[in-house]
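S.K.: Sequence first, predicted model second:
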Amino acid sequence: MKTYVFRVVIEPDEDVWSAYCPALLKKGAATWGNTKEEALSNIEEVVKMVVESLIEHGESLPDGPPDEVQMSTEPQVAVTI
């Protein structure tokens, strides 16, 4: 089992919040939400779908700098407050 942690960016964009994952942006990891919380939930779902698709198609996952992507073979729990 491997756990991947990806940094995401959430910022206001006119009347909505935009969210993207820099390490996966070229693979389409960007979305938006009406609230910051909704944008965070949406980008989490998008990142999961992108990673699952990469694995399914035998593509390698990005191994960006430690502040962008972290990988561990130990189980982890991520909490965002």
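M.R.: Cool, the structure landed. Numbering: from 1, shown residues only.
S.K.: Next, the buried residues of stretch 43-52.
M.R.: Residues of stretch 43-52 classed as buried: Ile43, Glu44, Val46, Val47, Val50, Val51 (neighbour count, 16 or more other C-beta atoms under 10 Å). Placement of C-beta: from N, CA and C, glycine included.
S.K.: Need the contact partners of it.
M.R.: Outside stretch 43-52, the residues within contact range by C-beta atoms under 8 Å, 6 or more residues apart in numbering are 4, 6, 8, 10, 19-21, 24, 27-31, 61.
S.K.: The residue nearest the centre of the chain: what secondary structure?
M.R.: Nearest to the mean C-alpha position of the chain, counting by C-alpha atoms, centre = their mean, stands Val47 at 3.9 Å. Val47 falls in the helix class when you classify it by DSSP: H, G, I helix; E, B strand; the rest coil.
S.K.: Check what pLDDT it gets.
M.R.: Note on Val47: pLDDT of 96.
S.K.: try Gly58
M.R.: On the pLDDT scale, Gly58 is placed at 95.
S.K.: sec struct for it, please.
M.R.: Classified using three-state DSSP, Gly58 is coil.
S.K.: Any figure for the gap between it and Lys36?
M.R.: Gly58 is 35 Å from Lys36, where distance means C-beta to C-beta, to the nearest Å.
S.K.: what's the answer for Asp15, then?
M.R.: For Asp15 relative to Lys36 (C-beta to C-beta), the value is 13 Å.
S.K.: Determine the three-state secondary structure at the closest residue to Lys27 other than its chain neighbours.
M.R.: Closest residue to Lys27 apart from its sequence neighbours, by C-beta to C-beta, 6 or more residues apart in numbering: Val50 at 4.9 Å. Following three-state DSSP, Val50 is assigned to helix.
S.K.: State the pLDDT value of Val50.
M.R.: 96.
S.K.: ok, now how distant is it from Ala23?
M.R.: In terms of C-beta to C-beta, Val50 sits 10 Å off from Ala23.
S.K.: Would you mind grabbing the residues shared as contacts by the two?
M.R.: Residues touching both Val50 and Ala23 (C-beta under 8 Å, 6+ apart) are Ala29.
S.K.: Mind picking out the helix or strand in the chain with the poorest mean pLDDT?
M.R.: Least confident helix or strand of the chain, by mean pLDDT, DSSP states H and E, is strand 69-72 with a mean of 83.
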